[in-house]
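S.K.: Okay, here's the prediction I keep looking at, along with the sequence it came from:
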Amino acid sequence: MRPPRKAARAPRPIIAAAALLLAVAAGATPAQAATPASGTVSSTSTSVTWNGGPFLVPNATATAGSLLCNQATVCDDYALTVDVPAGYDAGNDLKIAVGWSAGNADFDVYLYDSAGNEVAEAATTADPEILVVPPVAGKYTVRVVPFNPLGQSYWAMASLTAKPAAPAPGPTGATSFTNYPAPETLPQAHSAGEPSIGVNWKTGKAMYQAYTDTYRVTFDDSANPATAAWENASAGPPNCTAVTSLDPILYTDHDTGRTFESQLAGKAALTCYTDDDGRTWVPTQGSGINSGVDHQTIGGGKYSASGLGGTPLYPDAVYYCSQDIADASCAVSRDGGLTYGPAVPMYTLLDCGGLHGHVKVAPNDGTVYVPNKGCGANQAVAVSADNGLTWQVRKVPTSAPGDSDPSVGVGADGTVYFGYQNADGHPHVAVSHDKGQTWENDQDVGAALGIANTVFPAMVAGDADRAAFAFLGTPTGGNYQDTANFKGEWHLYVATTYDSGRTWSLTDATPNDPVQKGSICTGGTTCGNDRNLLDFIDVQIDKQGRVLVAYADGCTGACSGGGAQNFDALATIARQSGGKTLFAAYDAQFLADLQVPAVDPQVAPNGKSTLTATVRNTGHAVAKAVTVRFTTPDGFSATSAPVDLLPGQSAQVSVAWPTRGEHGAETVTATADPNNTISESDESNNVDSVTVRLPK
């Protein structure tokens, strides 16, 4: 699926000294030296610059799986020394930028340690290419490769930069998730790489795309936890489902209940829709006139008041966007996806790299957003405010190009949440209140759990101030695409905000079952076995604001029990089962509510008294690890052992209360969840007090 990227991301060690001698003896030419050939960055001298070229001959050998540097395919090397004290990387980054003057040229950059192991690479179409890695003392080689130089020279800079300060993260585990794998009876259950999901708000059904299959999932919330029934709802030939596909995609217009399923076949696409959750399907034109050959996305929503509006045939606009190597374009349908107008360019390679994320439409005013991971030195969104007639690229200035497609979620008032993998691999979200013209609160949302590498960002929003960001992440740093040496364990994480992105709470949605072990390749079709998950995951919400994440589980069976990685791609949904949803109106239906209806002090003549309280969960969710803190005005404070409370359940908790030498009236206050770690529908009713007289 998709043409190969420029680099296969397999580890490509630099040529060692002995190998260089053999290469020269054989008539090959090793990598050239930059001008100057070396430099040092330190805590007192934080930057160096160099240049190279001009270059006439392209070096695209990395697309075949191994970067080669010889007389025919040259590379340019710079010897970089990093001279910093131990621990310097805690507050600083090493940033390497390589740029050139002509936007249609292209250079790539690789970083190797002193042993010749690849530390990182930037092999996209961004200008400049940017690497961000921890600044650890040592000697490195920066290799610049003229992928498509067009006679250009390059400039380069290595600099030590302070990490931006960020507010303290919100509490971890504020939401909880239950995972639902597809049953073995479904034909493509284990071929669900880059899945997509939609939710029909009229019926509550979830629709899941696993390669050429479409599955309908029904959740039964009368059980706790809810159960899920998976059914095959595929269109099937001859309607529109292909036997093979270059890219599958699914989109559900949750308001109308119409689901679109599309399979890529070059410039054409086999697309159909269903209005009854996959029981019947209607074939369509497929795609816009002269659409791109790759990486299609379908989305929709209300029309903007600007530009050409709709027709009586369907209330919402439907967009088909795709990339055509040199540009990317979107076509709009005004008859519910039956036919499309001509594809309109969103940008060209002079603006951004070809690959893009999924199209999203603002629910308040119909503004259309398509995110891109590399638009010059930043990531960006292509924005249309006139129903796809014209587009503008609006950059996120605090971002640097990454390897995974970014994602956009748009809140009820048009607040835009931009979730992305930054150049250092960390998961970030930036927020815009003016359609991407300015951005604020760009935060590393994985910091609370030490996430060092991220792939497959997926963003969704509900109320104006509520959004969720799903991604695969690992606390293991380093080159996550190094198949031989990377040993990280990946989980599905979901970060949520309830205050417009000022704070985020992070949850491990698969705490006991890794999604992948070892490397994950995001380098295109030239990858090895570690491309089993392909290129993205998806996230949506249901009518009550629950978060549903569609992902492919790459570590199943014996692997999930501690065995070796098996490179599966099992269709799975992580569905929110606890915590606030993305719609505040439904909070009371999904949260616990703790109360203390009684406090009972038991005073003992020997001074070994006891304080007991009844704590009750009057809400609709399980409250885990509930504690009660007992306090008195004279400074006494003690916290009970934790208890779990089901909805409607009560428990008594006690603490020892030393009262020897105390006398007179004493007021005892009992507070449930004193540290406010449990999300509740009512946070104001957790306290009760009683006054007791202590004898002389």
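M.R.: Sure thing, it's come through.
S.K.: Which stretches in the stretch 551-696 of the chain count as helices?
M.R.: With helices called from DSSP state H, counting those that start in this stretch, the stretch 551-696 of the chain shows them at 587-590.
S.K.: hang on, I meant the stretch 401-550 of the chain
M.R.: With DSSP H, counting those that start in this stretch as the criterion, the stretch 401-550 of the chain has no helices.
S.K.: Could you list the low-confidence segments of it?
M.R.: Scanning the stretch 401-550 of the chain for pLDDT under 70 picks out 525-526.
S.K.: Likewise for the chain?
M.R.: In the chain (pLDDT under 70), the answer is 1-32, 167, 238-239, 241-243, 266-268, 525-526.
S.K.: go again using 50 as the cut-off
M.R.: Applying pLDDT under 50 to the chain flags residues 1-30.
S.K.: Not counting sequence-adjacent ones, nearest residue to the one residue sitting closest to the centre of the chain?
M.R.: Most central in the chain under Cα atoms, centre = their mean is Pro457, positioned 2.1 Å from the mean C-alpha point. Of all residues not flanking Pro457 in the chain, Gly419 sits nearest, at 4.4 Å (Cβ to Cβ, 6 or more residues apart in numbering). All C-beta spots, glycine's among them, are computed from the backbone N, C-alpha and C.
S.K.: thought the residue nearest to the centre of the chain was touching Phe471?
M.R.: Yes: contact criterion Cβ atoms under 8 Å: Pro457 and Phe471 qualify, at 5.0 Å.
S.K.: where do the contact lists of the two overlap?
M.R.: Common neighbours of Pro457 and Phe471, using Cβ atoms under 8 Å, 6 or more residues apart in numbering, are Gly419, Gln421, Pro427.
S.K.: neighbours around the first one, how many?
M.R.: This points to Gly419. 27 (other Cβ atoms under 10 Å).
S.K.: Which strand residues bridge the residue nearest to Pro457?
M.R.: In this entry, Gly419 is beta-bridged to Ser407, Val429, by DSSP bridges.
S.K.: That one against Phe456, yeah?
M.R.: No: the criterion here is Cβ under 8 Å, and Gly419 misses it with Phe456 at 10.2 Å.
S.K.: what touches both of these two?
M.R.: In contact with both Gly419 and Phe456: Phe471, using Cβ under 8 Å, 6+ apart.
S.K.: Show me this structure divided up by domain.
M.R.: Domain segmentation of the chain under automatic domain parsing yields 17-162, 171-180+397-587, 591-694.
S.K.: what's near enough to touch Pro371?
M.R.: By Cβ under 8 Å, 6+ apart, the contact list for Pro371 reads 356-358, 379-382, 405-408, 418, 420.
S.K.: Highest neighbour count among those residues?
M.R.: Tyr420 (33 neighbours).
S.K.: ok, it to Gly402 distance?
M.R.: In this view, Tyr420 and Gly402 are 6 Å apart by Cβ to Cβ, to the nearest Å.
S.K.: Glu129 too?
M.R.: In this view, Glu129 and Gly402 are 12 Å apart by Cβ to Cβ.
S.K.: Quick check: of the shared contacts of Pro457 and Phe471, which lies closest to Asp83?
M.R.: Gln421 (29.3 Å; Cβ to Cβ).
S.K.: Grab the nearest non-local neighbour of that closest one.
M.R.: Among residues not flanking Gln421 along the chain, Gly402 sits closest, at 4.0 Å (Cβ to Cβ, 6+ apart).
S.K.: Also Gly91?
M.R.: With Cβ to Cβ, 6+ apart as the measure, Lys163 is the residue that lies nearest to Gly91, at 5.6 Å, once sequence neighbours are left out.
S.K.: ok, now Ser101?
M.R.: Closest residue to Ser101 apart from its sequence neighbours, by Cβ to Cβ, 6+ apart: Gln152 at 6.3 Å.
S.K.: residues in contact with that neighbour?
M.R.: Gly53, Pro54, Phe55, Trp100, Ser101, Ala102, Ala105, Phe107, Pro146.
S.K.: Next, the contact list for the last one, please.
M.R.: By Cβ under 8 Å, 6+ apart, the contact list for Pro146 reads Gly53, Phe55, Val57, Pro58, Asn59, Val74, Cys75, Asp76, Phe107, Gln152, Tyr154.
S.K.: make it 6 Å
M.R.: Pro146 is in contact with Phe55, Asn59, Phe107, counting by Cβ atoms under 6 Å, 6 or more residues apart in numbering.
S.K.: so which of those is the most crowded?
M.R.: Phe107 (27 neighbours).
S.K.: Hmm, Leu533 is touching Gly554, no?
M.R.: Yes: with contacts defined as Cβ atoms under 6 Å, Leu533 counts as touching Gly554 at a distance of 5.3 Å.
S.K.: Provide the count of other residues in contact range of Val383.
M.R.: 22.
S.K.: Neighbouring strands - and their directions - for the helix or strand hosting it?
M.R.: Assigned by DSSP states H and E, Val383 belongs to strand 378-384. Using DSSP bridges, the strands paired with strand 378-384 in its sheet are strand 368-375 (antiparallel), strand 392-396 (antiparallel).
S.K.: between those, which gets nearest to Gly170?
M.R.: The nearest among the strands paired with strand 378-384, by Cβ to Cβ, is strand 392-396 at 21.7 Å.
S.K.: what about the strands in the stretch 301-450 of the chain?
M.R.: Ranges of strands in the stretch 301-450 of the chain, per DSSP state E, counting those that start in this stretch, are 317-323, 327-333, 344-348, 360-361, 368-375, 378-384, 392-396, 407-410, 416-421, 427-432, 440-444.
S.K.: how near is the closest residue to Thr125 other than its chain neighbours to Asp600?
M.R.: Spatially, and ignoring its direct neighbours in sequence, Thr125 is nearest to Gly353 (3.8 Å; Cβ to Cβ, 6+ apart). Distance, Gly353 to Asp600, using Cβ to Cβ: 67 Å.
S.K.: Which one's more surrounded, the two?
M.R.: Gly353 (23 against 15).
S.K.: List the contacts of that one.
M.R.: Gly353 touches Thr124, Thr125, Gly374, counting by Cβ under 6 Å, 6+ apart.
S.K.: burial count for the first one?
M.R.: So that's Thr124. Thr124 has 22 neighbouring residues, counting by other Cβ under 10 Å.
S.K.: Just list the residues touching the closest residue to it other than its chain neighbours, thanks.
M.R.: Leaving aside its chain neighbours, Thr124 sits nearest to Gly374 (4.7 Å; criterion: Cβ to Cβ, 6+ apart). Contacts for Gly374 (Cβ under 6 Å, 6+ apart) come out as Thr124, Thr125, Ala126, Gly353, Pro401.
S.K.: Need the max-distance pair from those residues.
M.R.: Comparing all pairs in the contacts of Gly374 by Cβ to Cβ, the longest separation belongs to Thr125 and Pro401, at 9.0 Å.
S.K.: Who has more neighbours out of these two?
M.R.: Neighbour tally, Thr125 and Pro401, criterion other Cβ under 10 Å: the higher count belongs to Pro401, 30 against 23.
S.K.: For Cys352, see how far away the more buried one is.
M.R.: In terms of Cβ to Cβ, Pro401 sits 10 Å off from Cys352.
S.K.: now the helices: where do they sit in the stretch 151-300 of the chain?
M.R.: Here the stretch 151-300 of the chain has no helices by DSSP H, counting those that start in this stretch.
S.K.: how about the strands in it?
M.R.: Using DSSP E, counting those that start in this stretch, strands in the stretch 151-300 of the chain cover 154-162, 176-181, 196-199, 206-210, 213-220, 227-232, 248-253, 258-265, 268-274, 282-283, 294-301.
S.K.: TSV for those, including distance to Tyr340?
M.R.: Listed next are these as TSV, based on distance: least, Cβ to Cβ, whole Å:
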stretch	distance to Tyr340
strand 154-162	41
strand 176-181	34
strand 196-199	19
strand 206-210	20
strand 213-220	21
strand 227-232	28
strand 248-253	14
strand 258-265	12
strand 268-274	9
strand 282-283	14
strand 294-301	10
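S.K.: want to try CSV for the ones you listed, with mean neighbour count as columns?
M.R.: Converted to CSV, the strands of the stretch 151-300 of the chain look like this (neighbours: other Cβ atoms under 10 Å):
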stretch, mean neighbour count
strand 154-162, 18
strand 176-181, 20
strand 196-199, 24
strand 206-210, 27
strand 213-220, 21
strand 227-232, 16
strand 248-253, 26
strand 258-265, 25
strand 268-274, 22
strand 282-283, 15
strand 294-301, 24
